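Asker: output the structure for:
(chains A and B)
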Protein chains: 2
Amino acid sequence: MDKARTRRHARTLDLRRGRIDMNHGSGGRATAQLIEELFLVAFDNERLRRMDDHAELAMPVGKMVVATDGHVISPLFFPGGDIGSLSVHGTINDVAMAGAVPLYLTVGFILEEGFPLSDLKKIVDSMAAAARAARVQIVAGDTKVVERGKGDGIFITTTGVGVVDEALNIHADQAQPTDCVLVSGTIGDHGVAIMSLREHLTFGTDIVSDTAALHDLVAHMVRAVPQIHCLRDPTRGGLATALNELADLSGVGIRIQEAAIPIRPEVKAACELLGLDPLYIANEGKLIAICARAQAQDLLTAMRAHPLGAQAAIIGEVVADPHAFVEMETAFGGRRVVDWLMGDPLPRIC
Amino acid sequence: MDKARTRRHARTLDLRRGRIDMNHGSGGRATAQLIEELFLVAFDNERLRRMDDHAELAMPVGKMVVATDGHVISPLFFPGGDIGSLSVHGTINDVAMAGAVPLYLTVGFILEEGFPLSDLKKIVDSMAAAARAARVQIVAGDTKVVERGKGDGIFITTTGVGVVDEALNIHADQAQPTDCVLVSGTIGDHGVAIMSLREHLTFGTDIVSDTAALHDLVAHMVRAVPQIHCLRDPTRGGLATALNELADLSGVGIRIQEAAIPIRPEVKAACELLGLDPLYIANEGKLIAICARAQAQDLLTAMRAHPLGAQAAIIGEVVADPHAFVEMETAFGGRRVVDWLMGDPLPRIC
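Answerer: Okay, here's the model as predicted:
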C-alpha cells in the first residue's frame, strides 16, 4: 500500500513556493497529495490515516456535546496566534462552555486559488500544535478550493465533539437572581490586538491576542464548584453582548461594576484612541461564569489557581428583572444600561 | 423570556428584499435576529432553541461516526436541488458510508455581504426539508459574514454525527481479491446537470442532479449483507477516482466492465458533446459497494428493492495486484487503465 501511494505523486508538494490551484479541490490526485503530504503529516493519527470519508470514535460515558465555528479572521497571522490556533481554540471553548471535555475535532478548509502553500503549512502546523496541546484529535476533514477573487485566502470551519458528566447542568438559561457573575481575566485583548495590526498602531507595550483553549480552566472550575449555573465565552460582541444573551435566555437582569472588570491599561488606552468600548470587543481566551453567591468565592479561588484565570474577578450580580436588562455602575458612581452590540465595529475578528 | 426577545428587534427581517450586511456577522443584535427569525424558525428543535453555543446530545449504543464536508457549489440552485439540500445529503452520505445511522448535523455558514435574504431563506428551508426527510436534527450552527468580493454568496460546511453497530466493519481498506464491485445506479447525473446549467445547454430530456441521502439504502443493504467490506460515494473525481481510492487503500486491483456501468443515454450524449469522461463526473446520490462474491447477488437484490438502488449493477471484481491498478474492459473488448482524476474538469461541483 505504501508503495502504491509513493507511486502516485511524481513530485512532492513544493511547500515553500507552491500555491493552491483549482486541482487541489478536484477530489483527484492533487487533492490526495495535499491531504497526504500536508494534512496527514501534521494531524497524524490512526483515524485520519484510515482515509475513510468519516471517522469512527469511541465515546466515554456521559452526554455528548457538539459545537461548530467558522473562522474568517483577517489578517490570518496576528500577535499571539493565527487562524489555525484560533480555529482550534474557538471550537474547543464552545464545547468547554458546557462543562465538557473536548475530545475530537473535524476541520473543513475553504481555500482560495493562489493561496501560498507555505502559509497553509504554517496554519496547519499551528492547528496541529494547538490540538496536541489541548489533547484533542483532529479526526476528519474536507478541503474545497474556490477561484481567485471568490474567497479570501483561507476560511476554516471546525466542529468539536466532547463529553460532559451527566450530573452537570451548565446552560445559558440557568442564571438566577442573587447569583454572582465572574470573568476569568482581562477583556478586549484579542480585538484590540487585531485592530492595532490592521491600523498599524503600536502602543509601546505589545498587545497580544488572548487566544487560548479554556477546557482545562473549566475542568478545574467544575471540580471546585460542580453546581456552576452558566458558562459563556465573550467572543464576537464582547462581554456586553454575552451578558445580554445570558440575561435574556435566563429571564433575569444583570448588574456589573465597571471598576471590577479587569482590563489592561494599554488595551484601555488603545480603545480610547480608537473610539472603541472595551465591553464590546471580542475575547478568545476568556469566559464568564455565573454561580450561586455562596459558592462565588470558592469558584474565584479555583479560577485564580489556574494560569488562564489568574486575573479572574467577581464583576457583578444577577437580579430579578422582567426586562432582562444589563446595567453597569460606572467608575463615577452613575448607572447605565449596557445594550447588545449594534452594528459591527470590528468585522472579521474571528 | 419571550417578551424580552420580542422587544429586541424593532423591525422583523425583510426576507423578501433584505440583504446580508456585515452586521449579521457581528455577534450582536443583527446576528441574533438572523438566528431567531430565519435559522430557528426553519431548523426548529429543542436543542437549538436552548441557544447555548453547543448542543448536548444523547447517543444510542454503538460506535460514533463523524464526517465533515464543505459546500461551495456554483451555481447555488440547480435542477434537482440546491446548495442547501446538497450540504445535508453530502454529509449524511459520508456518515452513511460507515454503515452508520446519521443522527445530528451542525452547520457553519460563511455569507458574503450583499447576499439576498430571500436566497438564504430558500436555502435554509431546503436544508430543513432535507434534514427532516432524512430524520436528522440540525443541532448547532455558526454564521460568519465576509465583505463583498471576499466570498461567493454562500459557503456551507456541515458536520454529521451518527452511530454504527459495533458488529459492522465497513472501511475503504477492506476490499479483498475475488470480491464483487457494485454501483447503486447511473453515474454522472449530478456533474452533467451542473455543467449543462453553467454552459446553458439543454438536451431535450432534462438532466437532473441525483442529490439524495443514501442512509436508508445503506440500512437496507446492511440488513441484507452485514458483512459488506467497503462503501464509498463517488462524488468529486467520480467513479474512477473512488475506485482508485478503494484499490489503493485496500492494496488490491479492480477490474470493471464498461458495458455493465449504468449511465443515462442523455448523460452519455452530454459527456460526448462536452468532451467529458463520465467515469470522472461527480455523483451526489450514488454509492459503490464491495462484498464477497458469494453475497453479491443478495446485496444486488437488496439494493434493487430500494428506490435509490433500482438501477444497481455488479460492475466488476477485485483482483490481486500489488500496483493497485483499476482497469476497465471496454465495450469494444479492449482493456485500459482507469487512472485517478488529474486536473479538474468541473470545479466547484459540490
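Asker: what kind of secondary structure is the closest residue to chain B within the stretch 251-350 of chain A in?
Answerer: Minimum separation of the stretch 251-350 of chain A from chain B (CB to the nearest CB) falls at A:Leu341, amounting to 2.9 Å. Placement of C-beta: from N, CA and C, glycine included. Under DSSP: H, G, I helix; E, B strand; the rest coil, the three-state class of A:Leu341 is coil.
Asker: isn't it right next to A:Gly237, touching?
Answerer: Yes: shown here, A:Leu341 and A:Gly237 form a contact pair, counting by CB atoms under 8 Å, at 4.3 Å.
Asker: and for those two, which residues touch both?
Answerer: Counting by CB atoms under 8 Å, 6 or more residues apart in numbering or on different chains, the common neighbours of A:Leu341 and A:Gly237 are A:280, B:26-28.
Asker: most neighbours out of these, which is it?
Answerer: If you count neighbours using other CB atoms under 10 Å in any protein chain shown, the busiest of these is A:Tyr280, which has 29 neighbours.
Asker: before we move on, back to that, count the residues that sit near the residue of the stretch 251-350 of chain A closest to chain B.
Answerer: With neighbours defined by other CB under 10 Å, the count for A:Leu341 comes to 27.
Asker: excluding chain neighbours, what is closest to it?
Answerer: Computed as CB to CB, 6 or more residues apart in numbering or on different chains, the closest residue to A:Leu341 that is not its neighbour in sequence is B:Gly28, at 2.9 Å.
Asker: who does the helix or strand that contains A:Arg223 touch, helix- and strand-wise?
Answerer: Applying DSSP states H and E as the criterion places A:Arg223 in helix A:215-224. Secondary-structure packing of helix A:215-224 (3 or more CB pairs under 8 Å, 6 or more residues apart in numbering or on different chains; DSSP states H and E): helix A:83-96, strand A:101-112, helix A:293-304.
Asker: what angle separates that helix from helix A:293-304?
Answerer: Inter-element angle recorded for helix A:215-224 and helix A:293-304: 140 degrees (by axes from the mean of the first three to the mean of the last three CA atoms, to 10 degrees).
Asker: is stretch A:14-26 in proximity to chain B?
Answerer: Yes: counting by CB under 8 Å from any CB of the partner chain, chain B is contacted by stretch A:14-26 at A:22-23, A:25-26.
Asker: that older thread, in TSV: the helices and strands packed on helix A:215-224, plus mean pLDDT, mean neighbour count and distance to chain B.
Answerer: Shown next, in TSV, are the helices and strands packed on helix A:215-224 (pLDDT from 0 to 100; neighbours: other CB atoms under 10 Å in any protein chain shown; distance: least, CB to the nearest CB, whole Å):
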stretch	mean pLDDT	mean neighbour count	distance to chain B
helix A:83-96	98	30	4
strand A:101-112	97	26	4
helix A:293-304	98	17	20
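Asker: adding distance to A:Asp210, write the ones you listed out as JSON lines.
Answerer: JSON lines is the format used below for the helices and strands packed on helix A:215-224 (distance: least, CB to CB, whole Å):
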{"stretch": "helix A:83-96", "distance to A:Asp210": "10"}
{"stretch": "strand A:101-112", "distance to A:Asp210": "18"}
{"stretch": "helix A:293-304", "distance to A:Asp210": "15"}
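Asker: and the gap between the closest residue to A:Leu346 other than its chain neighbours and A:Lys144?
Answerer: With sequence-adjacent residues excluded and distances taken as CB to CB, 6+ apart, A:Leu346 is closest to A:Gly191, at 5.3 Å. Using CB to CB, to the nearest Å, one obtains 29 Å as the distance from A:Gly191 to A:Lys144.
Asker: those two: which is more packed in?
Answerer: For A:Gly191 versus A:Lys144, the count of surrounding residues by other CB under 10 Å is larger for A:Gly191: 30 against 25.
Asker: that one contacts A:Asp344, doesn't it?
Answerer: No: when contacts are counted by CB under 8 Å, A:Gly191 is not listed as touching A:Asp344 (11.3 Å).
Asker: okay, and the common contacts of those two?
Answerer: Common neighbours of A:Gly191 and A:Asp344 are not found (criterion: CB under 8 Å, 6+ apart).
Asker: can you give me the strands in the stretch 1-150 of chain A?
Answerer: Assigned strands in the stretch 1-150 of chain A, in chain order: A:55-57, A:63-71, A:77-78, A:81-82, A:101-112, A:137-146 (criterion: DSSP state E, counting those that start in this stretch).
Asker: do the same with the stretch 151-300 of chain A
Answerer: Using DSSP E, counting those that start in this stretch, strands in the stretch 151-300 of chain A cover A:154-164, A:180-183, A:230-232, A:253-257, A:288-291.
Asker: ok, how many other residues are close to A:Ile349?
Answerer: When counting by other CB under 10 Å, one arrives at 28 neighbours for A:Ile349.
Asker: residue contacts, it?
Answerer: Residues in contact with A:Ile349 (CB under 8 Å, 6+ apart) are A:73, A:190-191, A:194, A:236, A:282.
Asker: same question, A:Arg16
Answerer: A:117-118.
Asker: quick one: it from chain B, how far?
Answerer: Between A:Arg16 and chain B the computed distance is 23 Å (CB to the nearest CB, to the nearest Å).
Asker: for A:Ala172, same thing?
Answerer: In this structure, A:Ala172 and chain B are 5 Å apart, going by CB to the nearest CB.
Asker: do you know the pLDDT at that residue?
Answerer: We note a pLDDT of 96 for A:Ala172 in this prediction.
Asker: do the same with A:Arg8
Answerer: pLDDT for A:Arg8: 64.
Asker: who's in contact with the residue nearest to A:Leu299 when sequence neighbours are not counted?
Answerer: In this structure, A:Leu299 finds its nearest non-sequential neighbour in A:Val225, 4.6 Å apart by CB to CB, 6+ apart. With contacts taken as CB under 8 Å, 6+ apart, A:Val225 has the following neighbours: A:291, A:295, A:298-299, A:302.
Asker: how near is A:Val225 to B:Val183?
Answerer: As judged by CB to CB, A:Val225 and B:Val183 stand 57 Å apart.
Asker: do A:Asp321 as well
Answerer: As for A:Asp321, its distance to B:Val183 is 62 Å (criterion: CB to CB).
Asker: in terms of neighbours, single out the busier of these two.
Answerer: Remark: of A:Asp321 and B:Val183, B:Val183 carries more neighbours, 27 against 17, as counted by other CB under 10 Å.
Asker: that one bridge partners, please.
Answerer: The partner list for B:Val183 in beta bridges (DSSP bridges) reads B:Ile288, B:Ala313.
Asker: scan chain A for its longest helix.
Answerer: Here the longest helix in chain A is taken by residue count, with DSSP state H as the criterion, and it is helix A:117-133.
Asker: which helices and strands does that helix pack with?
Answerer: Counting contacts by 3+ CB pairs under 8 Å, 6+ apart, helix A:117-133 packs against helix A:40-43, strand A:81-82, helix A:83-96, strand A:101-112, strand A:137-146, strand A:154-164.
Asker: rebuild these as JSON lines, extending it with distance to A:Val252.
Answerer: As requested, the helices and strands packed on helix A:117-133 are exported to JSON lines (distance: least, CB to CB, whole Å):
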{"stretch": "helix A:40-43", "distance to A:Val252": "43"}
{"stretch": "strand A:81-82", "distance to A:Val252": "34"}
{"stretch": "helix A:83-96", "distance to A:Val252": "23"}
{"stretch": "strand A:101-112", "distance to A:Val252": "29"}
{"stretch": "strand A:137-146", "distance to A:Val252": "38"}
{"stretch": "strand A:154-164", "distance to A:Val252": "23"}
